[in-house]
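K.L.:
coordinates only, no sequence provided:
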């Protein structure tokens, strides 16, 4: 069994117009939303073996906050520029180098690529992954390459405002 968590980075700040897009950090509202998602992930005992994120500041911060909260070792958190500059095929290429002993992977990136990648596996297409959204998929396979051609079980789909509605 392989588990895949497709994550869009936390809400980022546009407050400094001098920053290039790559350098935009997470804003405080984004951290609050991300913390609600992390609380859900902890309740579900999510423990990715590997986290691969875009190298953009907001995605790397998101990945590092999640990794710290879920107690993922730093040596199992990686950055890949193709998650910022690339497309769905760039995300697919990540699966060629994954160690077979890893049973779960979290990929942290940007729209529209993360939405398009998630939709490859879904019957009901998502219009747009909100910030801090997580699509969790389970695959009945022992090989990461098979994930790209296997129908998954949808474990959950969450994002901060959905979690807030569930509490109300």
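P.N.:
Done, it's in. The structure presented is a predicted model; accordingly, all values stated were derived computationally and were not measured.

K.L.:
can you map out the strands along this protein?
P.N.:
Ranges of strands in the chain, per DSSP state E, are 2-8, 50-53, 77-79, 104-109, 134-139, 153-158.

K.L.:
who are the packing partners of the third one?
P.N.:
So that's strand 77-79. strand 50-53, helix 57-69 (3 or more Cβ pairs under 8 Å, 6 or more residues apart in numbering; DSSP states H and E). Bear in mind the C-beta positions are built from the backbone N, C-alpha and C, glycine included.

K.L.:
for residue 102, find the nearest of the ones you listed.
P.N.:
strand 50-53 (5.2 Å; Cβ to Cβ).

K.L.:
what about the closest one, distance to the chain center?
P.N.:
Distance of strand 50-53 from its chain centroid, counting by Cα atoms, centre = their mean, to the nearest Å, is 8 Å.

K.L.:
residue numbering should commence at 557 henceforth.
P.N.:
Sure, I'll start counting at 557 from here, so that last one is strand 606-609.

K.L.:
which strands border that strand, and is each parallel or antiparallel?
P.N.:
Partners of strand 606-609 in the sheet, by DSSP bridges, are strand 633-635 (parallel), strand 660-665 (parallel).

K.L.:
got the angle between the last one and helix 613-625?
P.N.:
Angular relation of strand 660-665 and helix 613-625 on a 0 to 180 degree scale: 150 degrees, by axes from the mean of the first three to the mean of the last three Cα atoms, to 10 degrees.

K.L.:
give me phi/psi at residue 668?
P.N.:
Phi and psi for residue 668, reported as degrees, to the nearest 10, are phi -90, psi -10.

K.L.:
on that earlier part again, will you turn the strands paired with strand 606-609 into TSV that also has mean pLDDT, distance to residue 699 and mean neighbour count?
P.N.:
Putting the strands paired with strand 606-609 into TSV (pLDDT from 0 to 100; distance: least, Cβ to Cβ, whole Å; neighbours: other Cβ atoms under 10 Å) gives the following:
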stretch	mean pLDDT	distance to residue 699	mean neighbour count
strand 633-635	97	20	17
strand 660-665	98	13	25
